[in-house]
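Asker: Fold the following.
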Amino acid sequence: MKKILAIFLLAFGSFAQAQYVVNYKRVADTYFENQDYYAAATFYKKALKITGDSTHAVLPYGKDRKSSSDEKTIEDYEGSIFKLAEASRLYRDFTEAEKYYSIAITFTNTRFRKALFYYAKSLNANRKFTQAITAYEQYIQKNPGDPLAGDAKKEIASCKFAIDEMRFPRMVRVKKLPNDLNGLGSNYAPVKINNEFYFTSSRPIAVAGKKDIVKTETGEVQVSTKSNPFINNIYSAKSDFAAGNDVSVKMMNIKLPKDVEVAATTFTPDGNTTYFTVWHEKSNYAIYTAKKTGDSWSDPQPLGLEVNSKDFNASQPFVTGDGKYLLFSSDRPGGYGKFDIWFCTLRDDGSLGQPVNLGNTINTEDDERAPYYNVNTKKLLFSTDGRVGLGGFDFFEAEGDLITWATPKNLGYPFNSSKDDIYFTAIDALGNRGYISSDRESTCCMELFEVKKEAFNVNGILTDCKTKMPLPEANVMLANAEGQQKLVTGPNGKYSFKVDSKRPVKLTFAKDNYFAITKNYAYEELAKADTLITKDYCLSPFKLGIPIALDNIYYEFDSADLTEPSKQVLDFLVPIMEDNPQMEIELGSHTDNLGTDEYNLDLSNRRAQSCVTYLVSKGIAASRLTFKGYGESMPLAPNTIGKGKKQKDNPAGRAKNRRTEFKVTKK
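Answerer: This is a model prediction of the structure:
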């Protein structure tokens, strides 16, 4: 159960007290309009008399009111609660947002109907996925025509995806970087070049003597505060901090224009040219560049119209490892949604080619951010909130050549979290190790983490069941929730696969003129095996139209009814038929020469039919099965020994002749 804050109407001792509280609300509204959501939340709590240890929201007005004034009081109260929830969410404090949205969803005024949607979003961010699904479903039911109802359906799919991911986590180690790097404020956009580790931080910077004046209406309250000390800048540290060495953090030595903030730097392979995002309060994001000479950087210059414009944003640049392309995120015209990922050719002289959109395989109607492209693996790693994921921005990966792309895949938990995960940079050639930024462990701010992908190995040797020799040129396929992997065995018959999670696995082995087999590994079996599971298998050969005897198929005396042990023998055929879905077989039955030819033919026919009937009862399609009785016409051994008067019965021979066989009639 959610803790619902109680509502109390309290009388204040004087009008001045009531007016003072009313002004807290106006100040909060002003901060909210200026998008300073942390300050807004702080003043809404003051207006509502919510303290750090308080569990109640108090209506800040006296009791002697007329009906119309009472309505205004309730309206102001509900508006303050809703905006407090909104400010908390926009400040990324989803624990607080959940608390106050849980009150706002009880309001009957339709202007607060979106509270239910954002209550669900907050539950999602707080990893309460089942409760979030319920809230989203309620929103859809109450607001079927609302545009957010469509978003709610996608969010329900994301919650279900998250539940599955949490059950079967990917094999990724995530480790938070030292506190010297993760200082106050946000810390994000890591990048490593040579022996330097660069990142963006909004850690406090003292601004001496400067004040911000927050005004409400003319003649009303004015609030004077210190200027916002949380300014985004680029910092660097020696990259050997992973070895446990002391971390010394310093601001990047670039002379910046006045009153701007910078973030998300990237470098050419030689480390001598940098690109980064620049903005100030009243301008769009733009990408600037600077060149290095010795230990100094030139004055930054904005990139040309290929990238920047006063009419749209350009941000989060990334230079590919071969220095040939500049990727960036922009809401420029010609895209598929809000922010799309684009690229320009980066010429030797530093000039840029025309921007090219990565296309709608990558870009969605929502935001795509912070591209990273590995020229060795030809894989793009980026963040988006436009696809089914765990919540907020998730990392996705797609293979391609900047023009043609495979469908992006979510990198799953714990690479992703239920909050925002953005900015990846690799520190090895294949991209298995790197750094990310995420607010997964914070109530408000991005932090830096090291990630390392690991793998689970499934391998063994495939042989011929008869010869026991390794089986070359066999097709082996591994399938799990992430997709399929295929290989062909070599002369040694070995197979080997790597998977990034311990989700249930299905292995299929096939070779022409051999019965294919399928083997399944449950999660519990994989979980016990740490990082490796090794199992050898064999395939049984067959030839089209050549009978294969089924040993120990018995019937009741002088009957076509199968005995229970015989049914167990026939069960051997069930997985063969299931693993070879195109195969058709004939069941044939034979007798010895006791009895008339006509009787034996009829008995064998009925016995073969009983085998087919049994296999159909096990789920094998009747269209794949035929039966035929051969009577005594095809003995494998003499029914008698000797000739004439010396002729004797041959029980061993008769036993061999009383048999059931199957043969493949269609592969």
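
Asker: going forward, measure contacts and count neighbours with C-alpha atoms only.
Answerer: Will do.

Asker: can you pull out the helices in the stretch 501-650 of the chain?
Answerer: Along the stretch 501-650 of the chain, the stretches classed as helices by DSSP state H, counting those that start in this stretch are 523-527, 564-570, 573-579, 597-617.

Asker: Point out where this protein drops to low pLDDT.
Answerer: The model of the chain has pLDDT under 70 over residues 1-22, 52-71, 206-229, 242-244, 556-557.

Asker: Now render the helices of the stretch 501-650 of the chain as CSV, adding mean neighbour count and distance to Leu507.
Answerer: Conversion of the helices of the stretch 501-650 of the chain to CSV gives the following (neighbours: other C-alpha atoms under 10 Å; distance: least, C-alpha to C-alpha, whole Å):
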stretch, mean neighbour count, distance to Leu507
helix 523-527, 14, 13
helix 564-570, 15, 24
helix 573-579, 17, 11
helix 597-617, 19, 24
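
Asker: Turn the ones you listed into CSV, including distance to Tyr38.
Answerer: Putting the helices of the stretch 501-650 of the chain into CSV (distance: least, C-alpha to C-alpha, whole Å) gives the following:
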stretch, distance to Tyr38
helix 523-527, 44
helix 564-570, 71
helix 573-579, 60
helix 597-617, 67
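
Asker: Out of the ones you listed, which is closest to Arg658?
Answerer: Distances from Arg658 to each of the helices of the stretch 501-650 of the chain were compared using C-alpha to C-alpha; the minimum, 9.1 Å, belongs to helix 597-617.

Asker: And the closest one, what does it pack against?
Answerer: The helices and strands touching helix 597-617, judged by 3 or more C-alpha pairs under 8 Å, 6 or more residues apart in numbering; DSSP states H and E, are helix 564-570, strand 584-590, strand 625-631.

Asker: and that helix with strand 584-590, angle?
Answerer: What separates the directions of helix 597-617 and strand 584-590 is an angle of 140 degrees, with axes from the mean of the first three to the mean of the last three C-alpha atoms, to 10 degrees.

Asker: Contacts for helix 597-617, please.
Answerer: Identification of contacts with helix 597-617 by C-alpha atoms under 8 Å, 6 or more residues apart in numbering yields 555, 559-562, 567, 570-571, 574, 587-594, 622, 625-632, 660.

Asker: Outline the domain layout of the protein.
Answerer: 6-167, 172-453, 456-539, 548-666 (automatic domain parsing).

Asker: partners of His590 in the sheet?
Answerer: His590 has these beta-bridge partners by DSSP bridges: Gly631.

Asker: Could you pull up the contacting residues of it?
Answerer: Ser604, Gly629, Tyr630, Gly631, Glu632, Ser633, Met634, Pro635, Asn657, Arg658, Arg659, Thr660.

Asker: let's see 10 Å
Answerer: 600-601, 603-605, 607-608, 628-636, 656-661 (C-alpha atoms under 10 Å, 6 or more residues apart in numbering).

Asker: likewise Asp164?
Answerer: Contacts were defined as C-alpha under 10 Å, 6+ apart; by that measure Asp164 touches Ser158, Leu390, Gly412, Tyr413, Arg503.

Asker: returning to that earlier point: just the buried subset of the contacts of helix 597-617, written out for PyMOL, thanks.
Answerer: Buried members of those can be picked out in PyMOL with the line below, counting by 16 or more other C-alpha atoms under 10 Å:
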select buried, resi 555+560+562+567+570+574+587+588+589+590+591+592+593+625+626+627+628+629+630+631+632+660
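
Asker: Going along the chain, name the helices of the stretch 51-200 of the chain.
Answerer: 67-90, 94-104, 115-125, 129-142, 147-167.

Asker: would you turn the ones you listed into a markdown table with distance to Lys494?
Answerer: A markdown table is the format used below for these (distance: least, C-alpha to C-alpha, whole Å):
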| stretch | distance to Lys494 |
| --- | --- |
| helix 67-90 | 53 |
| helix 94-104 | 51 |
| helix 115-125 | 44 |
| helix 129-142 | 42 |
| helix 147-167 | 31 |
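
Asker: Before I go, just wanted to say thanks for your time.
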